[in-house]
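Undergrad: turn this into a model:
(chains A and B)
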Amino acid sequence: MPRWNLDVQPGPAGPLAAAEDAFRLIQPLAFPLYGGARRLLRFEEGEGVVRFENVGLRYGMGPEVLKDVTFNIEPNSFQFLTGPSGAGKTTLMRLLFLNMKPTRGLISLFGRDVSSLDPDEVAVIRRRIGIVFQDFRLLDHFTTYENVALPLRVLGKEEASYRAEVTELLHWVGLGDRMHVMPPVLSGGEKQRAAIARALIGRPEFLLADEPTGNVDPTLARRLLRLFVELNRSGTSVLLATHDIALMDQFDARRLVIADGRLYVYD
Amino acid sequence: MSTTDDTTVPAPPPATPGKPEKPAKPKAVPVTPIVPGATVAGRALIAVVAIMTFLAALTIGSVMAVRSTAGAWRSDVTREVTIQIRAGDKAVTDAQVRAAVDLAQQTPGILEAHVLTETETGRLLEPWLGAGLDYSDLPVPRIVVLRLDPAASPDLARLRRTLTDRIPTAALDDHRTWSRRLGAMAEGVMITGFGLLALVGVATVLSVVFATRAAVATNRTIVEVLHFVGARDGFIAAQFQRHFLKIGMQGGILGGVAAAALFGGLMSLPRFGILADPENPGIITWLDPGWLGFGGIAIAVIIIALVTALTSRITVYRTLRTIA
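TA: Purely as a prediction, here's the structure:
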């Protein structure tokens, strides 16, 4: 799947405005829905997706569970997050999807210092992040279709406006014939794919997946990994938290290893 | 990608709709409410709201009924005064009665002067002396009942002076003592009623608040998922508020209508010949809440529904704070 980088010279209104103008010119050309540049990733000059600087976190008066964590996640990058249980992986994930605030240090998402965001700004930032939970968190009273469509529904879009898009994505993840089935009757792998589809439907710029292959067999795990890789090639930064060394060995990507609350980066 | 696995990779969806592997035109699907309607917690909350609204409505209706009944009694007592003429020689007494009636009719503000017949007087004495007695041998005083004009205020002090000057055996009773006692009793009943209403109101609000919080807590996963897919706090709160307003209205209307129907049913019993004796009115005939009472019940239904909705909103915001 090709990825086109558009180099734009800054115009009088700045580099971002010039990039938007260029995007508007090329947008009418035929691009596959998930195979290419259907959207302009907005990054300020020199801005990464995620920036952690000396981040520390403790629960209450307890010891620090994360110590001096410093790393960046660049646009269009792919990385694994791994480490033993209890090392702070989940805590780091929670910081990344703005579920917690650090005790110290700086966290910046899409160039915004998260400590200064109000609840509405947090919601807007979250729409740029897709999250796949280990326990799926699908709503049992919704069909697979409705679960996947939820991120678009909360934006106030009419059902008719996203029907084709959601149906297409469900076919893409292999759930075309399970659209109108409730989550309790889906298998573990199907739930996982539904959760992934829900994370992707909003075309996130950054995808966080917590043990997305934890509940599936090795064959499906490889298939899901390929799905994440394809997504990364279409321009989304991916952080995949996993314990599965064999899975990580299948794809040569950056590894963030967390141990005893400290983060080690292997590029 | 350094892997050599041979698993099938899902093909990216084609750019043009209508390709063979996907449906040509997806059918419209009904949109399920974000907050599920028919849940055990939802039904339990409807029951709690209905029961508490019923109790609150009964209290409101009863308090309003007692208030209007006490007011009516007081008004009845103060709308009439009586002239009592001690019994003496029959011819003299009859002349005194006629003179008293004349004096009363000449006084402005008195609409009617009615001399109680022997039968009417006998009925008044019946509770003390029993029925079927011949009162002609007893020195029973003669009573003249004066009906006052509620719009005017007759000069009863002057009438009393004139009466006692001209008819020394006559006495004017304006029921002032009774009226005061009845007024004090009515006020006491009203204060007790409103105190009871306040207690029932607080109990209703607390029950509804805690039941609503419990019902929202069962939907915590929905709040979390909406939060993580990027819904604004206001959007999430609005979904729950709308849902719980509906529950509050359903429960409130059930309880309110049941209470109103009970009052209506009791009031209509005399029409079917039950407790219809006007001389011996039962408590049922006093239980007319009036339009004020029915209006109060309607307002209680609205307030309880709003409390349910507002509590759900506050609980959702509180849940969002704990999630974040």
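Undergrad: what is the burial count for residue B:106?
TA: By other Cβ atoms under 10 Å in any protein chain shown, the residues close to residue B:106 number 10. In short, each C-beta sits where N, CA and C put it, glycine included.
Undergrad: and it, how close does it get to chain A?
TA: 81 Å (Cβ to the nearest Cβ, to the nearest Å).
Undergrad: any weak-confidence spans in chain B?
TA: For chain B, applying pLDDT under 70 flags the ranges B:1-30, B:274-286.
Undergrad: break it into its domains for me.
TA: Dividing chain B into domains by automatic domain parsing, as the record does, gives the ranges B:40-75+B:179-320, B:87-168.
Undergrad: without its sequence neighbours, what residue ends up closest to the one residue in the stretch 1-150 of chain A that gets nearest to chain B?
TA: For the stretch 1-150 of chain A and chain B, the shortest gap (Cβ to the nearest Cβ) falls at residue A:127, measuring 3.7 Å. In space, and not counting its chain neighbours, residue A:127 is closest to residue B:230: 3.7 Å by Cβ to Cβ, 6 or more residues apart in numbering or on different chains.
Undergrad: and that neighbour, how many neighbours?
TA: Neighbours around residue B:230, by other Cβ under 10 Å: 23.
Undergrad: give me the phi and psi angles of it.
TA: phi 100, psi 20 (degrees, to the nearest 10).
Undergrad: how much space between it and residue A:203?
TA: Residue B:230 sits at a distance of 12 Å from residue A:203 (criterion: Cβ to Cβ, to the nearest Å).
Undergrad: re earlier: pLDDT score for the residue of the stretch 1-150 of chain A closest to chain B?
TA: For residue A:127, the pLDDT comes out at 89.
Undergrad: try residue A:237
TA: Predicted confidence (pLDDT) for residue A:237: 93.
Undergrad: can you tell me how far it sits from residue A:48?
TA: For residue A:237, the distance to residue A:48 - Cβ to Cβ - is 9 Å.
Undergrad: which one of these two is surrounded by more residues?
TA: Neighbour comparison, residue A:237 and residue A:48: the larger count goes to residue A:237, with 23 against 18 (by other Cβ under 10 Å).
Undergrad: doesn't residue A:173 make contact with residue A:227?
TA: Yes. Using Cβ atoms under 8 Å as the test, residue A:227 is close enough to residue A:173 to be in contact (7.0 Å).
Undergrad: ok, the two, which is more surrounded?
TA: residue A:173 (23 against 20).
Undergrad: so residue B:65 sits in a helix?
TA: Yes. Applying DSSP: H, G, I helix; E, B strand; the rest coil, one finds residue B:65 inside a helix.
Undergrad: what number of residues lie near it?
TA: Neighbours around residue B:65, by other Cβ under 10 Å: 23.
Undergrad: and it, how far from chain A?
TA: 45 Å.
Undergrad: go ahead and confirm that residue touches residue B:292.
TA: No. Counting by Cβ under 8 Å, residue B:65 stays clear of residue B:292, with 9.7 Å between them.
Undergrad: hang on, the earlier thing: check contacts around the residue nearest to residue A:127.
TA: Contacts for residue B:230 (Cβ atoms under 8 Å, 6 or more residues apart in numbering or on different chains) come out as A:123-124, A:126-127, A:151, A:154-155, A:202.
Undergrad: now the residue of the stretch 1-150 of chain A closest to chain B: phi and psi?
TA: phi -70, psi -20.
Undergrad: ok, residue B:90 next?
TA: Given degrees, to the nearest 10, the pair of backbone angles that residue B:90 has is phi -60, psi -40.
Undergrad: ok, residue A:253 next?
TA: phi -140, psi 170.
Undergrad: okay, strands next: where are they in chain A?
TA: A:50-58, A:64-73, A:78-82, A:104-109, A:112-113, A:129-132, A:206-210, A:237-241, A:254-259, A:262-266 (DSSP state E).
Undergrad: number of nearby residues for residue B:161?
TA: 12.
Undergrad: same check, this time on residue A:198
TA: 31.
Undergrad: please apply the same query to residue A:263.
TA: 22.
Undergrad: beta partners of the closest residue to it other than its chain neighbours?
TA: The shortest distance from residue A:263 to any residue other than its chain neighbours is 4.6 Å, reached at residue A:69 (Cβ to Cβ, 6+ apart). Counting by DSSP bridges, residue A:69 is bridged to residue A:55.
Undergrad: hang on, isn't residue A:69 packed against residue A:81?
TA: No. Judged on Cβ under 8 Å, residue A:69 makes no contact with residue A:81 at a distance of 11.3 Å.
Undergrad: find residues that contact each of the two.
TA: residue A:92.
Undergrad: find the closest residue to chain A in the stretch 51-200 of chain B.
TA: Closest point on the stretch 51-200 of chain B to chain A, by Cβ to the nearest Cβ, is residue B:51, at 26.7 Å.
Undergrad: helix, strand or coil for that residue?
TA: helix.
Undergrad: so where's chain A uncertain?
TA: Those would be A:1-47, if you go by pLDDT under 70 across chain A.
Undergrad: ok, how many other residues are close to the nearest residue in space to residue B:324 that is not next to it in sequence?
TA: Leaving aside its sequence neighbours, residue B:324 sits nearest to residue A:99 (Cβ to Cβ, 6+ apart; 6.7 Å). Close neighbours of residue A:99, defined as other Cβ under 10 Å, add up to 18.
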